[in-house]
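> need a 3D model of the sequence below.
(chains A and B, ligands or ions: 2)
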Amino acid sequence: MPLIPKTDGGSIHWTLLREKIIEILIYISGFSAIIFVFSIFAFIFKEASGFVFSHETDWSFFFFNAAWQPLPEESATYGAFSMIIGTISVTLVAMLIAVPFGLGLAVLVSEFCSPKIKETLKIVIELLAAIPSVVWGFVGLKLMNYVLVNFFGAQVGSNLFNGGIVLALMSLPIIVSIAEDAFKAVPDSYREAAEALGATKWQVVYKVLFPAAKNGLLAAVLLGVGRAVGETMAVLMCTGHNLNNPFSSEFPFLNIFDPIRTLTASIAAELGEAPRGSEHWQALFALGLLLFAIIFVINLTADLVVRGIKQEES
Amino acid sequence: MDNSSPTPTQDSPAQSDSIALETRDLSLWYGDFQALFNVTVEIKHGIITGLIGPSGCGKTTLLRCFNRVNERYGYVTTTGEMRVLDKNIYDEDVNILELRKSVGMVFQRPNPLPISIYDNVIFGMRVHADKGQYKKADYDEAVEVALKEVFLWDDVKDMLKKKATGLQLEQQQKLCIARLLPLKPKVILMDEPCSALDAEGTEAIEDLMSNLRGKYTMVIVTHNMAQARRASDECLFMLMGKLIEHGDTSQLFLNPKEKDTENYVEGRYG
Ligand SMILES: Nc1ncnc2c1ncn2[C@@H]1O[C@H](COP(=O)(O)OP(=O)(O)O)[C@@H](O)[C@H]1O
Ligand SMILES: [Mg+2]
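Ligands and ions are numbered 1, 2, ... in the order given. Below you'll find the predicted structure:
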């Protein structure tokens, strides 16, 4: 037997060719993902450009005026302030709920539970992520609505708080899973060192794990924020969809039972009625552009933060 | 813990006063695997005791028993009796946090916490402090004293707010010793503290150990025979989870009683 068995040249060629084809396919799918992202951006930009570049567009009005009145067309005004505030407020409420719960759950799952409870909890959390957003909207609209009106004395059940709770539940899975990864990445030698100095498990968590995992935790929160900002259907159904500023200069500064309206929900609700290419249509795409920019910045920051961790580790 | 078969203590009070660490019939299992077999040993107060033996013989395991860090692994079971400063550390009324405060531990790989040098040194103090017990001046002083004691002060006094994980390994290990000192421990356990260091670092750690000699009871695990001879007053030799011999360092090296000890110190294995 020769050391390298001879094959007929044809089959070698065929193998090489096959490798080449697979390689090309992989490249194509990789590039197409990039192309899709850019074409989506280009499309939104093109549709919005009439509004963005129009001399009549007053940007300070767009950002700081609450009058979003697409009808009647002759005297339409496009002030996005209420929606920006709506998005900010509902995200804020959602994060005020989801961040403590999410980080708490992550601590519980990664540091305190027995493996069995841990598995159960993780499955439950993953189930939360599997619920479609329209179902969440339904939960908000029917269940939360009822609870808020009957037990919390809210005038209307569809409001900022309702949307905030639903969004909190929706962003919980991503916060928990990223935060848990961050805790898991903390070397056990840190825990051991602290415990050997006589620290309790809780002291280890807040004096060692939190500082050690802070970048990962920040990324977890940012991704949660990104999730909350981008969510549409559920907030459309839960928040009352009403142009309103829930912040006030008097205590309690944020009226959580006020209805609000978000950027996402406005686009979803109005795009169907706006004639294609009209000013209204273009203004809605400008909102889309704004959303795109916000989420891009959030995700980019999260990404840079995560990358920061990797660099520190190496 | 099986403490049901009390071993009659015959030590006179004077004798037991000078014993810092003591085990009787200590056996330990990791799951089903037995790592220690009936270890009975008395380690004297105020001296440096070396702990030698081939890799895997249970040195780390024995050391980790004395401040109950072994319990971090849920699958460890122990039988026998263990006394630290004449107190059975498995008694109901033993506060494990206080035990770990008075029995400090230095690990094989330097493991400073990923916080500042300053915060590392006072970590133990903060953890054990009552609310408002210490002022900033107390912490500042403790940091300076501890770092001076381990000969690290001059190197780091201008960078106390820097992250400790950025230090060189040798400095990290010194810091790991320094952070025990503000707790005023009675015993310091060191598990191959120099194994990650070069010759210079090893010498520096040995210097600082002789600086601490007499102030603390120290147990040092080492792989390095020369180090055991240089640095320790008494020595324990372990083999396959059993304690084979315990004696003065010079006697154990020059005139071992057991054949196994002789083979080991002469470098015939491990
Ligand atoms: N956490 C652990 N889980 C299971 N087995 C262990 C663990 N730590 C040590 N062992 C085993 O116990 C024995 C003694 O280990 P160790 O005390 O680390 O030895 P040494 O420090 O003398 O090298 C070895 O056989 C080792 O494999
Ligand atoms: Mg070891």
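> run through chain B and note the low-pLDDT ranges.
Low-confidence regions of chain B, defined by pLDDT under 70, span residues B:1-17, B:268-270.
> helices along that one, start to end?
Ranges of helices in chain B, per DSSP state H, are B:13-17, B:59-65, B:96-102, B:117-128, B:136-149, B:153-156, B:169-178, B:199-212, B:225-231, B:249-254, B:259-265.
> between these, which one is closest to ligand 1.
Go through the helices of chain B one by one with C-beta to the nearest ligand atom and the one that ends up closest to ligand 1 is helix B:59-65, at 3.1 Å. Every C-beta, even on glycine, is put in place using the N, C-alpha and C of the backbone.
> tally of neighbours for residue B:124?
Here the count is done by other C-beta atoms under 10 Å in any protein chain shown, and residue B:124 has 26 residues near it.
> if you could redo that for residue A:168, that was the one I meant.
The burial metric for residue A:168, expressed as a neighbour count using other C-beta under 10 Å, is 24.
> now do it against residue A:282, distance only.
Residue A:168 sits 34 Å away from residue A:282, taking C-beta to C-beta, to the nearest Å as the criterion.
> excluding chain neighbours, what is closest to residue A:76?
Computed as C-beta to C-beta, 6 or more residues apart in numbering or on different chains, the closest residue to residue A:76 that is not its neighbour in sequence is residue A:70, at 5.1 Å.
> please read the previous query as pertaining to residue A:258.
The shortest distance from residue A:258 to any non-neighbouring residue, by C-beta to C-beta, 6+ apart, is to residue A:246 (4.0 Å).
> can you tell me how far the one you found is from residue A:239?
With distances defined as C-beta to C-beta, the gap from residue A:246 to residue A:239 amounts to 10 Å.
> quick one, what contacts the residue nearest to residue A:76?
Applying C-beta atoms under 8 Å, 6 or more residues apart in numbering or on different chains to residue A:70 gives the contacts A:76, A:78, A:270, A:274, A:280, A:283.
> ramachandran angles for the second one?
Put plainly, it is residue A:78. In this entry, residue A:78 is assigned phi and psi values of phi -120, psi 90 (degrees, to the nearest 10).
> so which residues on chain B come close to ligand 1?
Contact residues of chain B with respect to ligand 1, defined by C-beta under 6 Å from any ligand atom, are listed as B:30, B:33, B:35, B:53, B:55-61, B:73.
> which stretches of chain A have low pLDDT?
Residues of chain A meeting the criterion pLDDT under 70: A:1-10, A:309-314.
> show me where it has strands.
For chain A, the strands defined by DSSP state E cover A:68-69, A:77-78.
> ok, residues contacting the first one?
Around strand A:68-69, the neighbours that count as contacts under C-beta under 8 Å, 6+ apart are A:75-80, A:82-83, A:243, A:266.
> if you set the cut-off to 10 Å instead, what comes out?
Counting by C-beta atoms under 10 Å, 6 or more residues apart in numbering or on different chains, strand A:68-69 makes contact with A:62, A:75-83, A:243, A:261, A:266, A:270, A:280, A:283, A:287, all of which sit outside it.
> circling back to that earlier point, common neighbours of residue A:246 and residue A:239, please.
Common neighbours of residue A:246 and residue A:239 (criterion: C-beta under 10 Å, 6+ apart): A:86, A:89-90, A:159-161, A:258-260.
> just give me the closest of those residues to residue A:120.
Nearest to residue A:120, judged by C-beta to C-beta, of the shared contacts of residue A:246 and residue A:239 is residue A:161 at 29.2 Å.
> what's the nearest residue to that closest one if we skip its chain neighbours?
Here the residue nearest residue A:161, using C-beta to C-beta, 6+ apart, is residue A:256, at 4.1 Å.
> so which residue is smack in the middle of the chain?
All of this refers to chain A. Compute the mean C-alpha point of chain A, and by C-alpha atoms, centre = their mean the closest residue is residue A:227, 1.2 Å away.
> um, chain B though
The C-alpha lying nearest the average C-alpha coordinate of chain B belongs to residue B:189 (C-alpha atoms, centre = their mean; 0.5 Å).
> next, the contact list for it, please.
Residues in contact with residue B:189, defined by C-beta under 10 Å, 6+ apart, are A:196, B:21, B:51, B:60, B:62-67, B:69, B:103-107, B:180, B:217-221.
> ok, 6 Å please
With C-beta atoms under 6 Å, 6 or more residues apart in numbering or on different chains as the criterion, the residues that contact residue B:189 are B:63, B:66, B:105, B:219.
> any idea how far the closest residue to ligand 1 within the stretch 101-250 of chain B is from chain A?
In the stretch 101-250 of chain B, the residue found nearest to ligand 1 is residue B:221; the distance is 6.4 Å by C-beta to the nearest ligand atom. Computed as C-beta to the nearest C-beta, to the nearest Å, the residue B:221 to chain A distance reads 15 Å.
> count of neighbours near that residue?
So residue B:221, with other C-beta under 10 Å, has 24 neighbours.
> list the contacts of it.
Residues touching residue B:221, when contacts are defined by C-beta under 6 Å, 6+ apart, comprise B:51, B:59, B:63, B:191-192.
> switch to 8 Å and redo it
Taking C-beta under 8 Å, 6+ apart as the definition of contact, the neighbours of residue B:221 are B:50-52, B:59-60, B:63, B:190-192.
> neighbour-wise, which of residue A:246 and residue A:239 wins?
The neighbour count for residue A:246 versus residue A:239, taken as other C-beta under 10 Å, is higher for residue A:239 (30 against 24).
> check the offset of stretch B:33-43 from the chain's centre.
Shown here is stretch B:33-43, whose average C-alpha point lies 16 Å from the average C-alpha point of the whole chain (C-alpha atoms, centre = their mean, to the nearest Å).
> which parts of the stretch 151-300 of chain A sit against chain B?
A:187, A:189-200, A:203, A:207-208, A:211-212 (C-beta under 8 Å from any C-beta of the partner chain).
> among the residues you listed, which are in helices?
Residues from these lying in helices, with DSSP H as the criterion: A:189-196, A:203, A:211-212.
> now for the residues you listed: which two are most distant?
Farthest pair in those, by C-beta to C-beta: A:196 and A:211, 17.9 Å.
> nearest to ligand 1: which residue in the stretch 1-150 of chain A?
When distances are taken as C-beta to the nearest ligand atom, the stretch 1-150 of chain A reaches nearest to ligand 1 at residue A:115, 16.4 Å away.
> and that residue, how far from residue A:270?
Counting by C-beta to C-beta, the gap from residue A:115 to residue A:270 is 50 Å.
> what about those two, which has more around it?
In this view residue A:115 and residue A:270 are compared by other C-beta under 10 Å, and residue A:270 has more residues nearby, 16 against 8.
> measure the more buried one to residue A:64 for me?
Spatial separation of residue A:270 from residue A:64 under the definition C-beta to C-beta is 21 Å.
> over to residue A:251?
If you go by C-beta to C-beta, the gap between residue A:251 and residue A:64 works out to 24 Å.
> so between these two, which is more surrounded?
Using other C-beta under 10 Å as the criterion, residue A:251 and residue A:64 rank with residue A:64 on top: 12 against 6.
> contacting residues around the closest residue to that one other than its chain neighbours?
With sequence-adjacent residues excluded and distances taken as C-beta to C-beta, 6+ apart, residue A:64 is closest to residue A:81, at 5.4 Å. Neighbouring residues of residue A:81 by C-beta under 8 Å, 6+ apart: A:63-66, A:245.
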